[in-house]
Every structure is written in C-alpha cells, then in structure tokens.
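Structure here, sequence nowhere to be found:
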C-alpha cells in the first residue's frame with residue numbers, strides 16, 4: 001500500500017471534514033441533540049433577525065394558540081391514528097420552542113420527556129418524531145399584539161405537553 005505523503009495530509013483531512021459537515025447538513029430530519037440544557041430536535045436555527053429574542057413567554061405577550069387544548073387533543077389523536085403505529089409508555093412529552101414576532105415557529109425545539117412520576121424517561125423515538133411532525137402542522141400561532149400602535153418586536157417561548165397513557169395521547173397541557 002502506498003504511503004500518503006505528509007504534504008497531502010492537510011488536504012485529505014480538509015476533504016474529510018468538509019464531507020462530514022455536508023453530510024451532517026443534509027441529515028437533520030428528526031435528529032436529536034442531547035446537551036447539558038436539554039434534548040433538542042431539528043436544531044437548524046432560522047431566527048428572524050427583526051425579532052428580539054429575549055426570554056419572553058407566551059403569557060407575557062398574551063399570545064396563545066387559537067385552538068383549545070381539547071381541539072388539539074382530537075387533532076393529534078387523529079394524526080397518530082392515521083399513522084397506524086402502536087406506541088407504549090406512560091408520562092409526558094413536552095416540546096418547548098420559540099415563535100417569531102411574525103407568528104412562525106423557529107426550528108430549535110427542546111424536548112423534555114418524563115414518566116408519570118416526572119422522572120427522566122425516553123419514549124420510543126417514533127412517537128416523539130410523530131408528535132414533532134404534528135407540532136409542525138400547527139401554523140396559527142398568534143403574532144404578539146401591537147404596543148403603542150407598533151407591532152411587537154418580540155419572539156416568544158411557548159410549549160405544549162402531551163400526556164401519554166398506554167402509548168396514546170390522553171391530554172394536552174396547557
């Protein structure tokens with residue numbers, strides 16, 4: 001086998017790194033990243049530069065999804081039924097994410113999973129991915145209300161929790 005000359009080594013390393021970065025860029029669908037501050041999905045940031053990203057929550061700006069929790073519950077149950085999958089587990093799956101000042105969900109989403117006793121737990125990734133897919137269908141997020149006649153420049157943090165009982169969604173919080 002022919003030895004690689006030291007002069008070509010940096011080019012090879014650069015090629016490998018670029019290939020890995022390109023591959024990583026192309027494969028982001030449903031990928032989880034576990035960091036000290038939590039587990040995140042689809043972490044390609046797509047923040048609107050005109051929105052101020054302070055830690056403002058939906059209730060600070062009086063922004064709420066316009067459908068009731070009961071309506072969302074029926075929608076998610078139907079969504080999962082159409083997928084024809086069987087899931088298991090009891091507990092809670094919470095998605096925490098930011099909505100831009102234009103009412104668009106930004107792509108960095110934190111996922112928190114606990115069992116029914118609120119201990120860390122990991123549900124079947126298929127269920128978490130299905131719920132994340134459902135979350136992406138919710139496209140009627142409120143735009144922050146105008147303040148003094150000007151649109152609010154704030155994006156806001158919101159969350160949705162799915163209560164899971166015997167692998168089925170039994171409730172939506174809030």
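Everything's here; your move. Treat the numbers as computed from the prediction; the structure is a model and nothing was measured. Numbers count the residues shown, from 1 in each chain.

Helices of this structure, start to end?
Using DSSP state H, the helices found in the chain span residues 9-26, 69-83, 125-137.

Packing partners of the second one?
Under the contact definition 3 or more C-beta pairs under 8 Å, 6 or more residues apart in numbering; DSSP states H and E, helix 69-83 sits against helix 125-137, strand 168-173. C-beta coordinates here come from the backbone N, C-alpha and C atoms, glycine included.

mean confidence for that helix?
In this model, helix 69-83 has a mean pLDDT of 95.

how far off helix 125-137 does that helix point, in degrees?
Here helix 69-83 runs at 130 degrees with respect to helix 125-137, directions being taken by axes from the mean of the first three to the mean of the last three C-alpha atoms, to 10 degrees.

give the contact list for residue 135.
Residue 135 sits next to 95, 97, 105, 109, 160 when contact means C-beta atoms under 8 Å, 6 or more residues apart in numbering.

can you put the helices and strands packed on helix 69-83 in a markdown table and add distance to residue 80?
Shown next, in a markdown table, are these (distance: least, C-beta to C-beta, whole Å):
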| stretch | distance to residue 80 |
| --- | --- |
| helix 125-137 | 6 |
| strand 168-173 | 7 |
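
For residue 101, find the nearest of these.
Ranking the helices and strands packed on helix 69-83 by proximity to residue 101 (C-beta to C-beta) places helix 125-137 first, at 19.3 Å.

Buried residues in the closest one, which are they?
By 16 or more other C-beta atoms under 10 Å, the buried positions in helix 125-137 come out as 127-128, 130-132, 134-135.

again with stretch 82-94
87, 89-94.

pLDDT score assigned to the residue nearest to residue 70 when sequence neighbours are not counted?
Nearest residue to residue 70 in three dimensions, chain neighbours excluded: residue 172, at 7.7 Å (C-beta to C-beta, 6 or more residues apart in numbering). With respect to pLDDT, residue 172 has a value of 95.

wait, residue 172 sits on residue 76?
Yes - judged on C-beta atoms under 8 Å, residue 172 makes contact with residue 76 at a distance of 7.1 Å.

who touches both of those two?
residue 162.

now the chain, which segments are flagged as low pLDDT?
Residues of the chain meeting the criterion pLDDT under 70: 1-50, 52-54, 146-152.
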